[in-house]
Each structure stands twice: as C-alpha cells, then as structure tokens.
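Asker: pasting the structure only:
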C-alpha cells in the first residue's frame, strides 16, 4: 500500500472554556455526529467526555478513522465542518490533534 | 454496568522538543509497548506518529483501551510507567490527555 492508501487515524482533544455549558457540548457532539453521517470513508468516529479520573485532562476526545487521506480531507475541509468550527470556536480553550497513517 | 465496570479509553498526545531524535522516539515507543505487554486488562494500545498532513499537530498519539478503571490505574500508576515518564520527561514539549468511559 502506498501512503495515500493508508487508513488515517485522527485524534483530537479539546478543553472548553469555563463558560461552556453541557448543552453546548451536547449540541457540538450532535453536530459532529450528524455531519459525519453524511460522509463516505469514515470507518469509525468515537467521541468521549473526560471522566475526571486524572487531573489536568482535556474535556472532549475524538478518535476517528478514515479510509484514506482523501476521506480525511473531505471530512476536515468540508464546508459543514468549517461551519461547526466557526459555531464552536468561542467554546474552545485549547486543542491538540494528530493524524497517523495505518495499513 | 456501574461506572467502575466501564471500559476506559485513554487518549494522549505529545509534542516533542526540537532536540528529540527519531531514535529516542523509537525507544520511547518500544518501552511503552514492552511495558503494556506485562499487564492484564489492556484491551488495545495503539501508537501513531503524526503524518504531517495538517499544520500545528502533535507528534505522537496513544489511543488505549483498558478493561476497567482498575486496569487503567494499574497501567498509569505502575512503577515502570513512572520510570518511563522520568526517562522521557525532557523530550516532552507539550502533552494533552483524556480518559473516557464506555460500556
């Protein structure tokens, strides 16, 4: 398999501002899940809320797998994704992300 | 299932300092994989190196699933894990992590 055929694992962690409400986080999660349901090439898309087991953690985790880099780009660069990002930008205090390739 | 019976998904992202070598990162990965092989209750443990697809990303991702919170604590609080953390502390420029519960 060439690099462009590898599965892409996309990992994102968010910290929300103190002002962010649970309802806003629920809406954010629903928006992402509804958006992903419109796409091909999303092999898995898992969202987790931090369980407050360890100190200093981030609040919200996304672990997603895309069939290939093109499928990741379609997700990430999609107009609806950019709209969700704009709608939620004020909630985000910190973000960390990484994309890895897997065969 | 009660909370203590849920699977724990542990997500960690690291950025390494500019001085960190590929050999150091390889050693770090091998240390973690060898350590995890000594434990029970680790359902999956996947490490990824950032593919440089997007700007501003972290360098190294761990996505691990533990059978329950006790298995996560055994991993995280283990003497060997603390030793690995001490040995690699100087490599870590930034870290973000979260633990989520799943049934």
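Answerer: All right, it came through fine. The structure displayed is predicted, hence computed values, not measured ones.
Asker: tell me how many other residues crowd residue A:6.
Answerer: Close neighbours of residue A:6, defined as other C-beta atoms under 10 Å in any protein chain shown, add up to 17. Bear in mind the C-beta positions are built from the backbone N, C-alpha and C, glycine included.
Asker: isn't it up against residue A:102?
Answerer: Yes. Judged on C-beta atoms under 8 Å, residue A:6 makes contact with residue A:102 at a distance of 5.9 Å.
Asker: how much space is there between residue A:73 and chain B?
Answerer: 8 Å (C-beta to the nearest C-beta, to the nearest Å).
Asker: repeat for residue A:96
Answerer: Remark: distance between residue A:96 and chain B (C-beta to the nearest C-beta) = 4 Å.
Asker: which residue, neighbours along the chain excluded, lies closest to that residue?
Answerer: residue B:96 (3.6 Å; C-beta to C-beta, 6 or more residues apart in numbering or on different chains).
Asker: in whatever helix or strand residue A:76 lives in, what's buried?
Answerer: If you go by DSSP states H and E, residue A:76 is part of helix A:69-77. If you call a residue buried by 16 or more other C-beta atoms under 10 Å in any protein chain shown, then helix A:69-77 has these buried ones: A:69, A:71-72, A:74-76.
Asker: ok, now which ones touch the residue most central in space within chain A?
Answerer: Centroid-nearest residue in chain A: residue A:62, 4.4 Å away (criterion: C-alpha atoms, centre = their mean). Shown in contact with residue A:62 (C-beta atoms under 8 Å, 6 or more residues apart in numbering or on different chains): A:10-13, A:32, A:45-47.
Asker: from these, which single one is nearest residue B:24?
Answerer: Nearest to residue B:24 among these: residue A:11, at 21.2 Å, using C-beta to C-beta.
Asker: quick revisit: okay, now the residue nearest to residue A:96: neighbour count?
Answerer: Neighbour count for residue B:96, taken as other C-beta under 10 Å: 25.
Asker: bridged to it, which residues?
Answerer: Beta bridges link residue B:96 to residue B:13, judged by DSSP bridges.
Asker: circling back: three-state assignment of the residue nearest to the centre of chain A?
Answerer: Here residue A:62 is strand, with the state taken from DSSP: H, G, I helix; E, B strand; the rest coil.
Asker: quick check: beta-bridge partners of it?
Answerer: Note on residue A:62: beta-bridge partners by DSSP bridges are residue A:12, residue A:47.
Asker: give me the pLDDT for it.
Answerer: If you check residue A:62, the pLDDT there is 98.
Asker: look up how far residue B:22 lies from it.
Answerer: 27 Å (C-beta to C-beta, to the nearest Å).
Asker: now the buried residues of helix A:69-77 in JSON lines, with pLDDT and distance to residue B:17?
Answerer: As requested, those are exported to JSON lines (pLDDT from 0 to 100; distance: C-beta to C-beta, whole Å):
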{"residue": "A:69", "pLDDT": "96", "distance to residue B:17": "28"}
{"residue": "A:71", "pLDDT": "98", "distance to residue B:17": "33"}
{"residue": "A:72", "pLDDT": "98", "distance to residue B:17": "27"}
{"residue": "A:74", "pLDDT": "98", "distance to residue B:17": "34"}
{"residue": "A:75", "pLDDT": "98", "distance to residue B:17": "31"}
{"residue": "A:76", "pLDDT": "98", "distance to residue B:17": "27"}
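Asker: sweet, I'm off.
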